[in-house]
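K.L.:
Okay, sequence plus prediction incoming.
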Amino acid sequence: MIRFEQTFMNFLLDHQERRNRTYHFLILMDALISAAKHIEHYYLTGALKGNLGLAGNVNVQGESVLRMDQIAQEITIHYLRSSGRVIHAISEESDKIIPINTEGGRYFVYFDPLDGSSNVPHGLPVGFLFGIAKRNLEGPEDGHLRAGKDYIAAGMFVIPTGTFTLALKDAGTWRFHTDETMDFVKPTRMILPEDNKEWELSFNAANRYTYAEKVQNWIEQNERKYVFRYLGSLAGDFHRTLSNGGMFMYPAIVNDPNPKKNRPQGKLRLMYEAAVVAFMCREAQGTAVDESGTPILDMQPKEPHQRTALYVGSKPLVDDIAGILCS
Ligand code: AFP
């Protein structure tokens, strides 16, 4: 007997129908999946053709080369536009808010189509991270920037591994894998493991002595209890955190010997990096805070590309460091 797994679209259809919801969200998700598959295709063939260079470069065939992040941006905007469901988008790749279907759109999409770009020249995993909020259907929509707690869904594709993780508000975090026809299938509910035997810590160890002293002390007191892993792509690193438990952190940089390199606000972007993983983490029974111990999902963005420090993962670990951060 051939074994068939439930497809992502079937899973989502079931989810929407059980809650008496419309199909608009399915159309949006279909657009995001098409974009991710298209980006993955460019990523794989780009590596083959030596086509992953910097903008303005020329490849061995003498053709000019587009940066992978520009390609990923163009692809995503194309699919969001053709879905007809998006009011406006905010992307890591564009300074300004991108108007899409300002009258008829139903959702706001906040995304980074190629997160972890330093992995690109090595053919190592990158992420496509996105958060989705819904327009105010009851009254006039002012288009304001939504906090993570107001997202209705958030997810990530880890490219080119064929994995896709999606969190739905109050309905859990689910992981899918591509099958032989390139469909995402086999929904698996992700819940951070309580058993701390496999918990991992993930942070850029090269930055360690630039963190606040209390963060450095916390690391010293705790690091020997856990395994350490770091890929340099939030989606890839958080993918492991979600499976094995532990904590990913990108603390504020406040003690760099060159003060110009300090980043007291943190490095990661709130709307399409930190809030996206924080949302997935909450739906998997974890949590996330910033440098002051404030929950990431409560942070109201003041501007689209706002940065934040991030501590995300298993609740006992994040709560522990949050207690120190806010003291
Ligand atoms: P890039 O896309 O510029 O490589 O940034 C990736 C990222 O935003 C996130 O995916 C990583 O977790 C983090 O930055 C890595 O930063 P470091 O290179 O400073 O460790």
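P.N.:
Done, it's in.
K.L.:
just checking, residue 263 touches residue 310?
P.N.:
No - at 11.9 Å, residue 263 does not count as touching residue 310 under the criterion of C-beta atoms under 8 Å. Bear in mind the C-beta positions are built from the backbone N, C-alpha and C, glycine included.
K.L.:
Other residues contacting stretch 8-28?
P.N.:
Residues outside stretch 8-28 that contact it (C-beta atoms under 8 Å, 6 or more residues apart in numbering): 29-30, 33, 80, 83-86, 106-107, 109, 132, 152-153, 164, 166, 168, 171, 174, 176, 183-185, 187.
K.L.:
Buried among these? Need that as a selection in PyMOL.
P.N.:
Buried residues within these, by 16 or more other C-beta atoms under 10 Å, are selected in PyMOL with:
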select buried, resi 29+30+33+80+83+85+86+106+107+109+132+152+153+164+166+168+174+176+183+184+185+187
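K.L.:
Return the residues in contact with residue 89.
P.N.:
76, 77, 80, 97, 98, 100, 108, 109, 110, 111.
K.L.:
With residue 84 instead?
P.N.:
Counting by C-beta under 8 Å, 6+ apart, residue 84 touches 27, 101, 104, 105.
K.L.:
Residue numbers of this structure in contact with the ligand?
P.N.:
Residues of the chain lying near the ligand by C-beta under 6 Å from any ligand atom: 115, 116, 117, 118, 204, 232, 233, 234, 237, 267, 268, 273.
K.L.:
Pull out the buried residues from those.
P.N.:
Applying 16+ other C-beta under 10 Å to these, the neighbour count classes 115, 116, 117, 204, 232, 233, 234, 237, 267, 268, 273 as buried.
K.L.:
shouldn't the fifth one be in contact with residue 204?
P.N.:
Yes - proximity of residue 232 to residue 204 meets the contact threshold set by C-beta under 8 Å, at 7.3 Å.
K.L.:
rewinding a little: where does confidence bottom out across the contacts of residue 84?
P.N.:
Minimum pLDDT across the contacts of residue 84 is recorded for residue 104, with 92.
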